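J.: whatever this is, show me its structure:
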Amino acid sequence: MPINKYNPTSPGRRQSSVVAFADITKHKPEKSLVVYLRSKSGRNNQGVITVRHQGGGVKKFYRIVDFKRQKFGAEAQVIAIEYDPNRGPRLALLQYSDGQRAYILCPEGLKVGDRVLSADKAIEVKPGNHMPVEFIQAGSFIHNIEATPGKGGQLVRGAGLSAQLAGLDGNYALIKLPSGEIRKVLKGCAATVGALGNADRRLIRWGKAGRVRRRGIRPTVKGKNMNPVDHPHGGGEGHSPIGQKRGPQTVYGKTAMGVKTRKPGKWSDKFVVQSRKAKTKQ
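T.: Residues are numbered from 1 along each chain as shown. As a prediction, this is how the structure comes out:
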C-alpha cells in the first residue's frame with residue numbers, strides 16, 4: 001500500500017506519514033477470533049522489568065491467527081482484509097464451507113473473493129495456499145514457514161517479507177531467508193505460498209514522540225546521560241564519554257555493540273548451510 005504524507009499543519013505533522021488503508025475492507029475484528037491482550041509493560045510475573053522501554057500504549061485486542069492451517073482439503077474463501085495492530089502484515093479473514101472462520105497472514109495479491117486451500121499433498125502453487133515445502137516448486141517465494149512439522153509457521157512472518165525455496169536435499173529443503181541465510185528445514189514442514197503484503201510499512205515516518213508512545217514504546221535514554229549508579233557509562237560532568245572501558249556496555253555491564261551473541265555450537269547450527277554474513281562478503 002502507498003504511503004500518505006500528512007499536511008504540515010504542526011511541527012509534529014511535518015514530514016510524518018502513514019500507510020494508506022485502501023486495502024482494508026473490514027474495520028472491526030471478528031468477535032469470535034479476538035482475545036483481550038493485557039499489557040505487561042516489559043515486566044515478568046514478579047513485576048521486575050526484564051525488557052526496557054515498554055509501557056503504556058493504546059489498548060488493543062489480539063487476533064487469533066491460524067499459523068498451522070491444518071484444516072486440510074477444505075477450501076476457504078477470503079471474505080475480508082483487516083488491519084492487525086499487533087503485527088505488520090494485513091490479515092485475511094477466511095470462511096470455510098461449514099461456516100467456520102479463521103485469520104491468516106495476507107500475502108501480496110490476495111483479495112476478497114479469492115479461494116485458498118491447505119493440504120498435506122501437492123496442490124496448486126498460488127498465493128495463500130498452504131502445503132509441505134516438498135510439493136512447492138523450487139524458486140517459489142514462501143512465508144509462514146514451519147521449523148518443526150505440525151508446530152505452525154514460525155519463520156518469515158513480517159510485513160513485506162518472503163523466503164525463496166532453493167531446492168530439496170534428501171530429507172531437507174533449502175530455504176533462503178530474507179536475511180540472506182540459507183537454512184535447511186525438513187521437507188515435511190509446511191509453508192504458505194507468496195510474499196507477505198504491506199511492504200511499505202517500513203517507510204513510515206512517525207513524526208513525533210506521541211505516535212511512538214501510543215505504540216507502547218517508552219523513551220530510550222543514553223547511558224552516558226545517566227548517573228554512575230544507573231549505567232556503566234554514567235557519571236562525569238555534562239555529556240561525557242564512557243570512560244576508561246574496553247568498549248560499550250549494556251545497562252547490566254555486558255559488552256555490547258558488535259559482539260556476537262549467538263552461542264557457539266548451538267543445536268540448530270547444523271541446519272545453517274550459509275550464514276547471513278556470507279552474503280556481505282560476496
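J.: so residue 187 touches residue 138, yeah?
T.: No: applying C-beta atoms under 8 Å, one finds residue 187 not in contact with residue 138, separated by 11.9 Å. Where you see a C-beta, it was placed from the backbone N, CA and C, and this is true even at glycine.
J.: now do the contacts for the residue most central in space within the chain.
T.: Nearest to the geometric centre of the chain sits residue 158, at 3.2 Å (C-alpha atoms, centre = their mean). With contact taken as C-beta atoms under 8 Å, 6 or more residues apart in numbering, residue 158 is in contact with 87, 88, 89, 178, 196.
J.: if we go to 10 Å?
T.: Residue 158 sits next to 87, 88, 89, 105, 143, 178, 196, 198, 199, 201, 202 when contact means C-beta atoms under 10 Å, 6 or more residues apart in numbering.
J.: ok, now residue 160?
T.: So, once contact is read as C-beta under 10 Å, 6+ apart, residue 160 ends up touching 88-89, 108, 143, 178, 195-203.
J.: are any of those residues buried, and which?
T.: 88, 89, 108, 143, 178, 195, 196, 197, 198, 199, 201 (16 or more other C-beta atoms under 10 Å).
J.: SS state for the last one?
T.: Classification of residue 201 using DSSP: H, G, I helix; E, B strand; the rest coil returns helix.
J.: ok, it touching residue 23?
T.: No: counting by C-beta atoms under 10 Å, residue 201 does not reach residue 23; the two are 12.0 Å apart.
J.: the helix or strand hosting residue 103: what's the following helix or strand?
T.: For residue 103, the element it lies in under DSSP states H and E is strand 101-105. Downstream of strand 101-105, the next assigned helix or strand under DSSP H and E is strand 115-116.
J.: next SSE after that following strand?
T.: strand 130-132.
J.: now do that following strand: everything it contacts.
T.: 66-72, 104, 116-125, 142, 144, 146, 149, 153, 173, 186-193.
J.: show me what contacts the nearest residue in space to residue 65 that is not next to it in sequence?
T.: Counting by C-beta to C-beta, 6 or more residues apart in numbering, residue 65 lies nearest to residue 103, which is 4.7 Å off, once chain neighbours are set aside. Contact analysis of residue 103 by C-beta under 10 Å, 6+ apart lists 29-30, 33-34, 63-67, 80, 82, 84, 91-94.
J.: wait, which of these is closest to residue 164?
T.: residue 67 (20.2 Å; C-beta to C-beta).
J.: how many neighbours does the closest one have?
T.: Neighbour count of residue 67, defined by other C-beta atoms under 10 Å: 19.
J.: and the nearest residue to it once chain neighbours are set aside, how far from residue 191?
T.: Counting by C-beta to C-beta, 6+ apart, residue 67 lies nearest to residue 152, which is 3.8 Å off, once chain neighbours are set aside. Distance of residue 152 to residue 191, given as C-beta to C-beta, to the nearest Å: 11 Å.
J.: over to residue 162?
T.: 10 Å.
J.: between those two, which is the more surrounded one?
T.: residue 191 (27 against 20).
J.: contacting residues around that one?
T.: Contacts of residue 191 (C-beta under 10 Å, 6+ apart): 69, 129-133, 136, 140-146, 153, 155-156, 163, 165, 173, 175, 185.
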